[in-house]
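In: predicted coordinates and the sequence they were generated for:
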Amino acid sequence: MNSLSSILKIPAAKRELKGRFFYKKSVKNLSWFKTGGILEYLYIPKNENDLTILLESLSPDIDLNIFGKFSNVLIRDGGLSGLSILIPSDFKKITQIDNYTVNVGSGSLDKYIAKKSIDYEIGGLEFLIGIPGTIGGGVIMNAGCYGSEFKDIILDVDLISRDGKKIKKKLNDINFSYRNSQISKNFIITSVTIKGYKKDKEKIEKKIKAIKKKRISSQPQGFPTGGSTFKNTKNYKAWELIERSGLSGLKYGDAMISDVHNNFLINLGNAKASDFENLGNIILNRVKKEFGITMNWEIQILGSDDTN
């Protein structure tokens with residue numbers, strides 16, 4: 001069971017596949033946390049056609065997980081079973097539809113699209129400079145910062161289903177909510193059509209620089225981190241509740257609550273995934289005890305904690 005053909009319902013399709021396949025691949029160097037277990041199978045498709053062939057040929061019994069840059073996800077130390085698909089940078093084509101609308105590949109980095117908005121003179125996309133990861137991942141979790149989120153800029157999303165069928169979903173079909181969308185894990189985003197408005201290059205550039213400056217001054221630098229750890233509650237920012245609980249700087253193993261921004265957990269060097277999860281659970285329990293408020297993870301935690 002260590003070959004690509006072993007997870008295909010049509011083993012002969014292996015000859016048509018051009019992507020990269022890995023068996024028992026460590027996620028440590030892929031994860032933004034720089035920790036985590038083993039991915040049982042990993043496939044990096046060459047392009048959209050390659051991805052389609054894989055999905056059409058994939059055994060229906062194999063678990064499937066889709067990743068962009070592993071920026072907001074924690075894979076437990078026991079690893080993740082099934083097939084993981086990593087959307088590569090080849091999925092980053094940008095096509096301008098009209099003056100204020102572009103279709104972008106799901107593998108495009110959010111910050112890259114923010115920078116390209118300067119060239120296109122499209123306002124409203126500047127906030128993307130402050131979001132780690134890819135466009136596809138941002139859509140799935142309705143990522144946002146500084147008062148804007150993905151649902152504010154999306155017109156439609158192109159997807160491929162688990163069995164290789166291509167579909168398009170309009171904004172109203174996606175049912176976005178705070179840091180969430182209703183796109184099933186059985187669908188893979190291939191591209192997204194986003195809209196903005198006419199804005200001078202100089203004003204776009206000025207706003208992007210302001211966001212970058214604020215981000216650098218208010219978020220930890222120089223340490224691996226997965227970004228915002230917990231979702232804000234209805235009445236409070238997550239960092240406020242953590243700070244008021246007296247937890248700033250708390251460590252568990254080599255995982256630590258950043259004293260620059262309390263909603264960021266950082267890797268001091270050799271943190272295990274379990275260090276981050278245990279530290280996060282301490283935070284959740286303390287906030288619940290102190291304020292009677294239930295916070296929820298923003299980071300997605302996947303896999304097994306069984307390392308045997």
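Out: The structure has been received and is ready for your questions. Just so it is clear, the structure is predicted and the values come from calculations on it, not from any experiment.

In: ok but residue 279 is inside a helix, no?
Out: Yes - under DSSP: H, G, I helix; E, B strand; the rest coil, residue 279 falls within a helix.

In: how close does the closest residue to it other than its chain neighbours get to residue 212?
Out: Excluding the flanking residues, the one nearest residue 279 by CB to CB, 6 or more residues apart in numbering is residue 252, at 3.9 Å. Using the backbone N, CA and C atoms, a C-beta is placed for each residue, glycine as well. Distance, residue 252 to residue 212, using CB to CB, to the nearest Å: 31 Å.

In: need the per-residue pLDDT for the residue nearest to residue 279.
Out: With respect to pLDDT, residue 252 has a value of 98.

In: that one contacts residue 281, doesn't it?
Out: No - Residue 252 lies out of contact with residue 281 (CB atoms under 8 Å); the separation is 9.2 Å.

In: and those two? Which one has more around it.
Out: residue 252 (20 against 12; other CB atoms under 10 Å).

In: run through the bridge partners of that one.
Out: residue 255 (DSSP bridges).

In: residue contacts, the residue nearest to residue 257 when sequence neighbours are not counted?
Out: Among residues not flanking residue 257 along the chain, residue 250 sits closest, at 4.9 Å (CB to CB, 6+ apart). By CB atoms under 8 Å, 6 or more residues apart in numbering, the contact set of residue 250 is 256, 257, 279, 282.

In: 10 Å instead?
Out: Counting by CB atoms under 10 Å, 6 or more residues apart in numbering, residue 250 touches 242, 256, 257, 259, 262, 265, 279, 282, 283, 286.

In: and residue 289, by the same measure?
Out: Neighbouring residues of residue 289 by CB under 10 Å, 6+ apart: residue 245.

In: which of the helices or strands spans it?
Out: helix 273-291 (DSSP states H and E).

In: same question, residue 35
Out: Residue 35 belongs to no helix or strand, assigned by DSSP H and E.

In: in this structure residue 143 contacts residue 154, no?
Out: No - the pair residue 143 / residue 154 is not scored as a contact, 11.6 Å apart, by CB atoms under 10 Å.

In: show me the helices in the stretch 51-200 of the chain, by range?
Out: 110-120, 135-140, 171-174 (DSSP state H, counting those that start in this stretch).

In: equivalent analysis for the stretch 201-308 of the chain, please.
Out: 201-218, 238-244, 273-291.

In: got JSON lines for those, with mean pLDDT and distance to residue 129 too?
Out: JSON lines is the format used below for these (pLDDT from 0 to 100; distance: least, CB to CB, whole Å):
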{"stretch": "helix 201-218", "mean pLDDT": "94", "distance to residue 129": "5"}
{"stretch": "helix 238-244", "mean pLDDT": "97", "distance to residue 129": "20"}
{"stretch": "helix 273-291", "mean pLDDT": "98", "distance to residue 129": "26"}
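
In: need the winner for burial among these.
Out: Highest mean neighbour count of those: helix 238-244, a mean of 19 (counted as mean count of other CB atoms under 10 Å).

In: can you spell out which helices and strands pack onto it?
Out: strand 255-257, helix 273-291 (3 or more CB pairs under 10 Å, 6 or more residues apart in numbering; DSSP states H and E).

In: mind checking which of the ones you listed is nearest residue 25?
Out: Nearest to residue 25, of all the helices and strands packed on helix 238-244, is helix 273-291, at 15.3 Å by CB to CB.

In: hey, C-alpha coordinates of that closest one in CSV?
Out: C-alpha atoms of helix 273-291 as CSV (Å, rounded to 0.1, in the frame of the first residue of the first chain):
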residue,chain,number,x,y,z
ALA,A,273,1.8,19.5,17.7
SER,A,274,0.6,18.2,21.1
ASP,A,275,2.3,21.1,22.8
PHE,A,276,0.3,23.5,20.8
GLU,A,277,-3.0,21.6,21.3
ASN,A,278,-2.4,21.3,25.0
LEU,A,279,-1.5,25.0,25.4
GLY,A,280,-4.6,25.9,23.4
ASN,A,281,-6.8,23.8,25.7
ILE,A,282,-5.4,25.5,28.7
ILE,A,283,-6.4,28.8,27.2
LEU,A,284,-9.9,27.6,26.4
ASN,A,285,-10.4,26.2,29.9
ARG,A,286,-9.0,29.3,31.6
VAL,A,287,-11.2,31.7,29.6
LYS,A,288,-14.2,29.6,30.3
LYS,A,289,-13.4,29.5,34.0
GLU,A,290,-12.7,33.3,34.3
PHE,A,291,-15.4,34.7,32.1
